[in-house]
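Trainee: when you get a sec, could you give me coordinates for this:
(3 chains)
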Amino acid sequence: MTLTVRDLHVAFETRGGRVNALRGVNLSVAPGETLGIVGESGSGKSVTAQAIMGLIDLPGRIEAGSITWNGKSLLEGDGYGTSVWGREISMIFQDPMTSLNPLMTIGAQICEVLTQHLGMTAEQARERAVDLLAAVGISGPRRRVDQYPHEFSGGMRQRAMIAMSIACNPKVLIADEPTTALDVTVQAQILDLLAELQSGLGLAIILITHDLGTVAGLCQRVAVMYSGRIVESQSVDAIFERPQHPYTQGLLRSTPRLDEPATRLLSIEGTPPSLMQADDGCAFRKRCPIAADACKEMPPLVTEGAVQIACHFPGRPAWQARQAG
Amino acid sequence: MTDQGISQTGRRRTSLFRELLSDTPAAIGAALIVLIVVLTLFAPLIAPFDPADQNLTARLAPPVWIDGGSWQHVLGTDSLGRDVLSRILHGGQVTLLIGLCTTVIALAIGVVIGLWAGYCGGRADSILMRIVDIQVSFPGILLILLIVGVIGPGMMTMIIVLSVTNWMVYARLVRSTVMSLRQTPYVEAAELVGCRPARVIFVHILPNLIPPLLTLSILEFTNIVLAEAAVSFLGFGVQPPAISWGLDVATGRDYLFIAWWLVAFPGIAIALTVLSVNLFANWVRVTTDPQERERRFARDLAARQRRGLSS
Amino acid sequence: MVQLWAFAVDMVTLDFGDSLWQRRPAVEVVFERLPNTLLLIAASLAFAILVAIPLGAIAALRPGGFLDRLTMSIGLIGLATPQFFLGLVFIMVFAVQLKWLPTSGFGTAAHLVLPALTLAITPLARFTLMVRSSMIEELNQPYVRTARAKGMGRARILRVHTLRNILVPFMNLSAWELIVALSGYTVVVETVFAWPGLGHTAVQAIQRGDLFLMQAIVFTIAFMTVFITLLIDVASKLIDPRIKLN
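Mentor: Residues are numbered from 1 along each chain as shown, chains lettered A, B, ... in the order given. This is a model prediction of the structure:
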């Protein structure tokens, strides 16, 4: 029961040229695991999730690689995908405002999954939808089930999305920045709900975010993405203590901390490289303080125990230690 | 500096031209428009006969590729022996003239009233827009017929009547665009700095109106051509001896059973004109909208890739 | 002032005076001919809507594909062809050459086919192009992505999700087509097929200089236009829960 992504390449054609969004992504998730994928905008984290759910449309294309569930490919287009998506692997999106059909009741949108995948009758599905809404903490579910999305607040809509995604007791839930569009107070509630479901249902969760704090609260393992690749992947505790890749180090360094009176926020100099240029070297080398000649060659993703890293100089501190005061 | 500027706009023009050529339907449309304009403009030089010349010995001659047809009258002759090809070439002049004049007049009225209503707002706006609403709910061709019934048919009548019934679409578009533009920070800034209304309108607002007005007026032009043809067909538009495609279809209708070409060729001329303008207008609309332009690129590419995959 | 008042009273009581041509109240003529026009419009719009929705949806599934380009081309040609020409072509082909249907007139169902078909082509083309472009637009909406992530098939997404969302704009376009048909297209088509409706009557009234009758027709159509617009407003509010009735 594992979801495995191997050497995934995705490219988009635009009027300005070809954008290589993913350039060899490898990851796998087993039941009960929680994986956080972290990276800045354009690093390819959302594209990875969309590829897993079969949502890459032309002009985007999966150029190479494989995505398998229980050893069977999801990319064949033989109907295996549609029997898995929404049932065993499901997804919630960043913007609950537009991700629900504005002209269908919340109940109808939940029931749809149940009748399609589990063959429930309309009455059974409706009862289950009410239970699901209650389970995700929506009060008055009997009344709420017949309401339209515009009658729900942002946080409530995201709860409804979650209810929809867990309707068929999935094994894997992909959450693509589930809290970005929400108020800060609501964000914490949604994350708590996800954590609760994870332990209660034994879900595997892939949480996509640009916020390391969110990852620390929910995930066991973290994969850091940069410019269409995973550059580092290890356990949450380890990554906060011993970040191996210079980019991860920079990311942690630029995260404001509450326990230290920081004088000013630190950032990583420069901008990510354009995804249009074909570049054989390490994508981070232009911004990396310890880049050397060796970095003109692409570092492979090396696995050592529970740690995966793609750097020629893993573990070498790239920045000086943070100075207190 | 100047040099570079010129060469850059030059390059932009050639690449725009290439973009047009790469879009086959739009390129065909543009080519047809040029062809139609040239043919009708130089109709007196190109047409083999005077369109009014009667030749009673060669009445109802069929087109050249049908038995009994001759190269003398390529598209045949009508019941009075007049050459169909020459009539179509000359008929285009009236159609295009009415279309062009009406579009320009209606555009001018609509833009002035729309700017006035949108910029002044208040009572002027509500009165003007009420007029627009009332006129929009008045029935199209029926209203034209009513007016023609009162003041009598003719080419001038056509231009006046079609202008009077078509300015509202422009007024609406201009008003709503002006209303939303006045809210934008840069227009507010210009007003705060103390620009006179005329300057605000001509320098800051008008340039933004040009792309949507361009597309709208090209599309309205086709509506005018179709309306003129319909009214002339009904006998209330252009009057003989003036020549119009719609009028020729109406005359040919009496000979529908024995001489189909009298109806077919003027009818095809109208359809082809409208079709080519529509194809071109569609391209203009997409090209002046950067977002749509990117989407068109994506769609074309996706379609090409799919075709590549399936073959 | 007195004259204006009298005019207003006449309008409200539907007293448009006597038709000079028919020598009877103009309203009587209007109400006698109106049902024929409505029959023609109902038949043609029903046909156009029933054909356009599946056609546009199929075209939208593969933008730029063979079926899409075919429907687009036919649609654009349909929009460009004047109805009087189309009507005459239909008469030539189906009535004169093939002798399947009567050339013109009124009475049997067979008489209805050609005029209704002629009147249907322009709205059919506009409906198809509209369904296609708004389907393409809707298929790019985030809620469609959600539905796909739920494992819904393409057919179900089109039928259940996007169709509902294009219904309101589609209804507005249908109302507009209905108004245009009432106020213009029927005049031409009824004249070509000698269909005894309001449009054909209007042309005859003008030819005979019967302005009272013409005025009655124009006011009737204008009134119906306003009525249709109001009706559509209410209907939109019923379909889209986000539009509130004030």
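
Trainee: what sits against B:Ile36?
Mentor: Neighbouring residues of B:Ile36 by CB atoms under 8 Å, 6 or more residues apart in numbering or on different chains: B:Gly92, B:Leu96, B:Leu272, B:Thr273, B:Ser276. C-betas here are computed from N, CA, C, even on glycine.

Trainee: does it belong to a helix, a strand or coil?
Mentor: helix (DSSP: H, G, I helix; E, B strand; the rest coil).

Trainee: what about chain C, any weak spots by pLDDT?
Mentor: Applying pLDDT under 70 to chain C picks out residues C:1-16, C:19-20, C:243-246.

Trainee: top helix in it by residue count?
Mentor: Counting by DSSP state H, the longest helix found in chain C is helix C:26-61.

Trainee: quick one on the thing from earlier: the contacts of B:Ile36: which ones sit near chain C?
Mentor: Among these, the ones lying near chain C by CB under 8 Å from any CB of the partner chain are B:Leu272, B:Thr273.

Trainee: out of the contacts of B:Ile36, which one sits closest to chain A?
Mentor: Among the contacts of B:Ile36, B:Ser276 lies closest to chain A (CB to the nearest CB), at 26.0 Å.

Trainee: wait, isn't that closest one in contact with B:Val37?
Mentor: No. Counting by CB atoms under 8 Å, B:Ser276 does not reach B:Val37; the two are 10.3 Å apart.

Trainee: if you count what's nearby, which of these two comes out ahead?
Mentor: B:Ser276 (24 against 13; other CB atoms under 10 Å in any protein chain shown).

Trainee: out of the contacts of B:Ile36, which is most surrounded?
Mentor: Within those, most neighbours by other CB under 10 Å means B:Thr273, with 26 neighbours.

Trainee: remind me which helix or strand it belongs to.
Mentor: Taking DSSP states H and E as the definition, one finds B:Thr273 inside helix B:261-287.

Trainee: so what's the residue count around A:Ser99?
Mentor: A:Ser99: 26 surrounding residues under other CB under 10 Å.

Trainee: helix or strand for it, which one?
Mentor: Using DSSP H and E, no helix or strand contains A:Ser99.

Trainee: can you pull the contacts of residue 64?
Mentor: Since you didn't name a chain, this refers to chain A. Residues counted as contacts of A:Ala64 (CB under 8 Å, 6+ apart) are A:Asp7, A:Leu8, A:His9.

Trainee: should've been chain C
Mentor: For C:Gly64, the contact set (CB under 8 Å, 6+ apart) comprises B:Arg299, B:Asp300, B:Ala302, B:Ala303, B:Arg304, B:Arg306.

Trainee: helix, strand or coil for it?
Mentor: Strictly by three-state DSSP, C:Gly64 counts as coil.

Trainee: from C:Arg145, how far off is it?
Mentor: Look at C:Gly64 and C:Arg145: by CB to CB, to the nearest Å, they are 21 Å apart.

Trainee: likewise B:Trp261?
Mentor: According to CB to CB, B:Trp261 stands 55 Å off from C:Arg145.

Trainee: before we move on, what about A:Arg229?
Mentor: Using CB to CB, one obtains 24 Å as the distance from A:Arg229 to C:Arg145.

Trainee: neighbour count: those two, which is higher?
Mentor: More crowded of A:Arg229 and C:Arg145, by other CB under 10 Å: A:Arg229, with 23 against 19.
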